[in-house]
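In: model the following, please.
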Amino acid sequence: MPWWSWILLWVALIAVSLLCYVLLGVRLFRKFMATVHELSAAGEALGHRPHLRERDDDDGGGPADVFGAAVFASPEEMRHDYVTAKASRQEVRRQKRVKRKAERGQPQSLHDIEFS
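Out: Sure thing, here's the model as predicted:
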């Protein structure tokens, strides 16, 4: 084999390897940019905090529905809100339980029946 064919072979090998590096670089860049776009979309979705609208029947005296308002409220006020919300949830569950048992024809618990 003549000496110039060895040089031609090495030039071809270097050209093919450079082409592979360029293609890998382009592929890596495209994947990196896709990841950046996904991260920015996720940041937009997580960073967006919906604004709470005011109620129509708001007289201004009740607790404000503002994010972080509990931090500045008094402990007594927060305890009152907690207890009233808990009682409301218990009453809703009791009413659902009474309705469900009435639909199924099951006997009601004396605990659930209102005597007043």
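In: check the offset of the helix or strand that contains residue 16 from the chain's centre.
Out: Using DSSP states H and E, residue 16 sits in helix 3-47. Its chain's C-alpha centre and that of helix 3-47 lie 34 Å apart, by C-alpha atoms, centre = their mean, to the nearest Å.
In: next helix or strand past that helix?
Out: helix 69-72.
In: let me see the mean pLDDT of that following helix.
Out: For helix 69-72, mean pLDDT is 79.
In: then it to CSV, C-alphas only?
Out: Provided in CSV are the C-alpha atoms of helix 69-72 (Å, rounded to 0.1, in the frame of the first residue of the first chain):
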residue,chain,number,x,y,z
ALA,A,69,-52.9,35.3,56.8
ALA,A,70,-52.8,32.7,59.5
VAL,A,71,-49.3,33.8,60.4
PHE,A,72,-50.5,37.3,61.5
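In: next helix or strand past the lowest-mean-pLDDT helix or strand in the chain?
Out: One helix or strand of the chain scores below all others by mean pLDDT, DSSP states H and E: helix 69-72, with a mean of 79. Later in the chain than helix 69-72, the nearest helix or strand by DSSP H and E is helix 75-104.
In: elements contacting that following helix?
Out: In terms of contacts (3 or more C-beta pairs under 8 Å, 6 or more residues apart in numbering; DSSP states H and E), helix 75-104 is not packed against any helix or strand. C-betas here are computed from N, CA, C, even on glycine.
In: please name the residues that touch residue 107.
Out: residue 101 (C-beta atoms under 8 Å, 6 or more residues apart in numbering).
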